[in-house]
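In: quick one: sequence and predicted model below, then my questions.
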Amino acid sequence: MRRLFPVTDETAAQASNGGPDAPGTDREWGLAELAEAYAYPAGNAPWLRANMVSTLDGAGQHEGRSQPISGAADMRIFGTLRALADVVVVGAETVRQEGYRPARAREEFAAARTRAGQTPAPVIAVVTASLDLDFALPLFTSPLVPTLILTGAQAPSDRIAAAEKAGARVVVAGDGAGVDPARAVAALAALGHTRLLTEGGPRLLGQFVAAGVLDELCLALSPMLVAGDAQRISGGPSVKVPHRFELVSLLEEAGFLFGRYRRT
């Protein structure tokens with residue numbers, strides 16, 4: 001993996017001296033280095049980052065799933081971002097399409113999570129209006145920490161009861177059937193989950209973007225072309241004025257570019 005864009009004065013100095021983080025230096029990055037490169041900002045304010053992958057021609061998936069356009073380095077960063085997060089926020093359709101399972105504890109990150117006061121693995125929080133989910137799946141029956149359901153006040157009461165019976169915790173974050181993105185962030189922060197990570201899908205990410213609550217985007221640009229009519233990484237109605245983000249870091253491995261962008 002190569003660092004193409006220094007993120008600190010220290011790495012910039014190393015780059016100018018031809019050190020290990022100099023642009024063009026290709027070497028294996030350890031998980032601790034990736035964790036440092038993707039660390040959340042200090043403080044207790046909630047911070048919502050998204051992690052998505054896109055092809056060169058803008059597809060966020062192939063045949064309904066993101067796995068075919070991913071790669072080994074992308075999965076290492078995927079695992080690192082999960083290990084840093086308090087909670088992973090995901091849409092119900094992505095849970096169904098991607099076959100979501102409970103987040104697992106990673107021995108490599110166990111000590112750091114303990115020091116940070118985090119649970120052994122991040123909580124999975126599923127955003128859904130209908131609660132049309134299979135509560136017999138391991139995501140609900142055998143997680144290390146109970147799965148959260150984020151829904152609206154008018155969600156079907158029988159489905160809420162089914163979710164709670166399966167062991168999930170239901171959190172109301174909207175006055176209607178659906179979830180208000182800003183209220184979802186506030187509700188998770190009230191539970192002590194301030195390091196937030198969303199993995200989509202596109203419709204959920206679009207809602208976070210439109211609501212102006214997305215703080216950071218971690219984007220893997222896959223060196224693939226798929227054509228077709230696949231969704232982009234963000235969907236739904238467009239915003240009136242494009243939201244500007246700044247590039248914080250850029251890594252490369254095997255033709256994949258890994259950009260980290262923060263809201264200006």
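Out: Thanks, I have the structure now. Numbers count the residues shown, from 1 in each chain.
In: tell me which element Val53 is part of?
Out: If you go by DSSP states H and E, Val53 is part of strand 47-55.
In: now do the next helix or strand after that strand against strand 47-55, angle only.
Out: Sequence order places helix 72-84 as the next helix or strand after strand 47-55, per DSSP H and E. Going by axes from the mean of the first three to the mean of the last three CA atoms, to 10 degrees, helix 72-84 is angled at 170 degrees with respect to strand 47-55.
In: CA atoms only for helix 72-84, dumped as CSV, please.
Out: Only the C-alpha atoms of helix 72-84 are listed here, as CSV (Å, rounded to 0.1, in the frame of the first residue of the first chain):
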residue,chain,number,x,y,z
ALA,A,72,-8.3,-7.5,-0.4
ALA,A,73,-7.1,-4.1,0.6
ASP,A,74,-10.7,-2.8,0.6
MET,A,75,-11.7,-5.6,3.0
ARG,A,76,-8.7,-4.8,5.3
ILE,A,77,-9.8,-1.2,5.5
PHE,A,78,-13.5,-2.3,5.9
GLY,A,79,-12.5,-4.4,8.9
THR,A,80,-10.4,-1.6,10.4
LEU,A,81,-13.2,0.9,10.1
ARG,A,82,-15.6,-1.5,11.8
ALA,A,83,-13.1,-2.1,14.6
LEU,A,84,-12.8,1.7,15.2
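In: show the subsequent helix or strand relative to that helix.
Out: As assigned by DSSP H and E, the chain's next helix or strand after helix 72-84 is strand 87-91.
In: give me the helix or strand of the chain that scores worst on average pLDDT.
Out: Taking mean pLDDT, DSSP states H and E as the measure, the helix or strand of the chain with the lowest value is helix 9-16, at a mean of 49.
In: if we can go back for a sec, figure out how far the strand holding Val53 is from the centre of its chain.
Out: A distance of 5 Å separates the centroid of the chain from that of strand 47-55, by CA atoms, centre = their mean, to the nearest Å.
In: strands along the stretch 151-264 of the chain, start to end?
Out: For the stretch 151-264 of the chain, the strands defined by DSSP state E, counting those that start in this stretch cover 169-172, 195-198, 216-222, 245-253, 256-263.
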